[in-house]
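Trainee: quick one: sequence and predicted model below, then my questions.
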Number of protein chains: 2
Amino acid sequence: MAEPTDLRADAARNRAQIVEAARDLFRTRGVDVPLSTIARRAGVGVATLFRRFPSREALVTEVFAEQIAHCEALLDDAVTDPDPWTGFRRLLEFIRAEQIEDRGFTEAFIASFSGDAGYRRRREDAESALEALVRRAKDSGRLRPDFAISDLVMLVLANGGLRDAPPEHAHDLSRRLMAYLLQAFDTEASPGGVPLPPASPLGLHHARRGAGDRPERRGSAAGR
Amino acid sequence: MAEPTDLRADAARNRAQIVEAARDLFRTRGVDVPLSTIARRAGVGVATLFRRFPSREALVTEVFAEQIAHCEALLDDAVTDPDPWTGFRRLLEFIRAEQIEDRGFTEAFIASFSGDAGYRRRREDAESALEALVRRAKDSGRLRPDFAISDLVMLVLANGGLRDAPPEHAHDLSRRLMAYLLQAFDTEASPGGVPLPPASPLGLHHARRGAGDRPERRGSAAGR
DNA sequence: CAGGAATCGGAAACCGATTTCCAGTTGACG
DNA sequence: CGTCAACTGGAAATCGGTTTCCGATTCCTG
């Protein structure tokens, strides 16, 4: 992760403070919180932040490195879970919750897995672990055989969409979504339908943007 | 819809051109296309656009008025469909497709249903129609009894999240999502799972932002 | 503890977008 | 056809954010 250990002592300290401030702010406000806000919170100048992290994405990736590592560990756990179906479900539930709880997580997740940097290897590992997980779950007979890896992408994106709900309801919606989908993935789901987590008392008019900042594409988009 | 008919002839013409330009651009580039681009395309100055539509949301709502109307008509159709389950499914499928095909649709949809303007009445009508639709589908025994209205919100938001996929895959993902969910909603789904539409060959690293512009919260959101 | 390189932070330039301003144009009406 | 209010478009002010610049400061080494 290119952690430069050859920084001067004060610089290293500042760097750490930046990362910490960014972690907080990403979590609560999303990844598109202004860099100047992060700098202020960290007690450094914007230039310092910019010098350490030339792009927002670099900062995002760095900040969530540990969370991604956790995610990878969980993936390993899941793959080696004695019960493949349980492993599968546990991983999905972890990602689901993390996505809702931490507004920056999805971005970090994506950044990690799509970075052109030295991530190729890690990504390939993760992908093959996922394939193994899915394979095992299918072989156990519990996961439907036509389940596709892309369905995981689907799930991450769909669940990510729920962050636009009013924050107090996002969890409920997300849990229901997951329950519905797991039922559909599960070849042995009870025929009448599985019990669902409680629903929010939400009308159509609540489908509006709910929370604050929205992760957003940066850069090239406007210029076309 | 406060269509001011008391405009001077040329002003009315310009207004129409703005709406038309905006329709095109919203569809293909999303609602956050710069106002100046819309103005240029419409062949008017930015000031003119701004004079007619003091906020972006006003323009969005106006532009999609007809689509929303179409949506409402479909809702009526759905409610009166001889087969409640078919009606339910058809409405969902319509919204699903529209959301993916038309980058502005979700925003318009939301704007319509959450506007403080004279929409209350329309919204209430729509909501009670939806309730009726759901009720009928449940009464027919096909829709699971614990289905909640908020599950529709869930569906709209989740499906909206899929617009972040690479555009060439968004439809596939969205169709799979809907198939999975309909299976989960359906009390009579075949026990082994319903057949699914084809999956995209998509790895985790494709979970990145795919298209260009992203609809984005406007205005008040950040200030809390 | 002195010198020099690394680092700092705030000011300023920049950027894309929104909003306002105003001198000029155009359509409506007598 | 002349008048005038409505309307126009482009230029300029503003805004929130990013990126660069540079004189001052801090740490490290000898």
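Mentor: Looks like it arrived, so ask away.

Trainee: hey, where'd the helices end up in chain A?
Mentor: Listed in chain order, the helices found in chain A under DSSP state H are A:9-29, A:35-42, A:46-52, A:56-63, A:65-80, A:84-101, A:105-114, A:120-139, A:150-161, A:167-185.

Trainee: now check the last one, is it near chain B?
Mentor: Yes - using CB under 8 Å from any CB of the partner chain, helix A:167-185 reaches chain B at A:169, A:172, A:173, A:176, A:177, A:180, A:181, A:183, A:184, A:185. Backbone N, C-alpha and C define where each C-beta goes, glycine included.

Trainee: tell me the domain boundaries of chain A?
Mentor: Following automatic domain parsing, chain A resolves into domains at A:9-54, A:65-194.

Trainee: residues contacting the residue in chain A that chain B sits nearest to?
Mentor: In chain A, the residue that lies nearest chain B is residue A:161 (2.3 Å; CB to the nearest CB). Contacts of residue A:161 were listed using CB atoms under 8 Å, 6 or more residues apart in numbering or on different chains, and they are B:157, B:158, B:159, B:160, B:161, B:162.

Trainee: can you list these in a markdown table and add distance to residue A:93 and pLDDT?
Mentor: Formatted as a markdown table, the entries for those read as follows, by distance: CB to CB, whole Å; pLDDT from 0 to 100:
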| residue | distance to residue A:93 | pLDDT |
| --- | --- | --- |
| B:157 | 19 | 95 |
| B:158 | 16 | 97 |
| B:159 | 21 | 98 |
| B:160 | 22 | 95 |
| B:161 | 18 | 95 |
| B:162 | 20 | 95 |
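
Trainee: from those, pick the one nearest chain A.
Mentor: Closest approach between the contacts of residue A:161 and chain A, by CB to the nearest CB: residue B:161, at 2.3 Å.

Trainee: pLDDT weak spots in chain A?
Mentor: Filtered on pLDDT under 70, chain A yields the residue ranges A:1-5, A:114-119, A:207-224.

Trainee: find the centremost residue of it, please.
Mentor: For chain A, residue A:106 is the residue whose C-alpha lies nearest the centre (CA atoms, centre = their mean; 3.0 Å).

Trainee: what does chain A put close to DNA strand C?
Mentor: Applying CB under 7 Å from any atom of the strand, we find that chain A lies next to DNA strand C at A:7-8, A:10-11, A:14-15, A:43-48, A:51-52, A:222-223.

Trainee: buried subset of those?
Mentor: By neighbour count, with 16 or more other CB atoms under 10 Å in any protein chain shown, the residues of chain A next to DNA strand C hold A:14, A:15, A:44, A:48, A:52 as buried.

Trainee: quick check: the third one touching residue A:20?
Mentor: No - counting by CB atoms under 8 Å, residue A:44 stays clear of residue A:20, with 11.4 Å between them.

Trainee: hmm, back to that, any idea which of the helices of chain A is most buried?
Mentor: Ranked by mean neighbour count, the helices of chain A are led by helix A:150-161 with a mean of 25 (mean count of other CB atoms under 10 Å in any protein chain shown).

Trainee: ok and that one relative to helix A:84-101, angle-wise?
Mentor: Put simply, helix A:150-161 runs at 30 degrees to helix A:84-101, going by axes from the mean of the first three to the mean of the last three CA atoms, to 10 degrees.

Trainee: quick one: helix A:150-161 to helix B:167-185, angle?
Mentor: Going by the same axes, to 10 degrees, helix A:150-161 makes 90 degrees with helix B:167-185.

Trainee: can I get the helices of chain A in TSV with distance to residue B:126?
Mentor: Formatted as TSV, these follow (distance: least, CB to CB, whole Å):
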stretch	distance to residue B:126
helix A:9-29	33
helix A:35-42	39
helix A:46-52	47
helix A:56-63	39
helix A:65-80	40
helix A:84-101	28
helix A:105-114	31
helix A:120-139	40
helix A:150-161	21
helix A:167-185	20
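
Trainee: closest one to residue B:79 among those helices?
Mentor: helix A:167-185 (23.1 Å; CB to CB).

Trainee: so who does residue A:158 touch?
Mentor: A:177, B:158, B:159, B:161, B:162, B:177.

Trainee: which of these lies closest to DNA strand D?
Mentor: If you rank these by distance to DNA strand D using CB to the nearest atom of the strand, residue B:161 comes first, at 22.9 Å.

Trainee: give the contact list for the closest residue in space to residue A:42 that isn't next to it in sequence.
Mentor: In this structure, residue A:42 finds its nearest non-sequential neighbour in residue A:21, 3.8 Å apart by CB to CB, 6 or more residues apart in numbering or on different chains. With contact set as CB under 8 Å, 6+ apart, residue A:21 has these partners: A:38, A:39, A:41, A:42.

Trainee: now with 7 Å, please.
Mentor: Contacts for residue A:21 (CB atoms under 7 Å, 6 or more residues apart in numbering or on different chains) come out as A:38, A:41, A:42.

Trainee: would CSV of these with distance to residue A:93 be doable?
Mentor: CSV is the format used below for the contacts of residue A:21 (distance: CB to CB, whole Å):
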residue, distance to residue A:93
A:38, 31
A:41, 32
A:42, 33
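
Trainee: and stretch A:164-174, how far from the chain's centre?
Mentor: 16 Å (CA atoms, centre = their mean, to the nearest Å).

Trainee: quick check: the gap between the closest residue in space to residue A:48 that isn't next to it in sequence and residue A:8.
Mentor: Ranked by CB to CB, 6+ apart and with sequence neighbours excluded, the top spatial neighbour of residue A:48 is residue A:14, at 5.8 Å. Noted for residue A:14: a distance of 9 Å to residue A:8, by CB to CB, to the nearest Å.

Trainee: swap in residue A:141?
Mentor: 59 Å.

Trainee: for DNA strand D, tell me whether stretch A:90-108 is touching it.
Mentor: No - shown here: stretch A:90-108 not in contact with DNA strand D (CB under 7 Å from any atom of the strand), separated by at least 13.2 Å.

Trainee: and that stretch, does that touch chain B?
Mentor: No - contact between stretch A:90-108 and chain B is absent, the nearest approach being 8.4 Å (criterion: CB under 7 Å from any CB of the partner chain).
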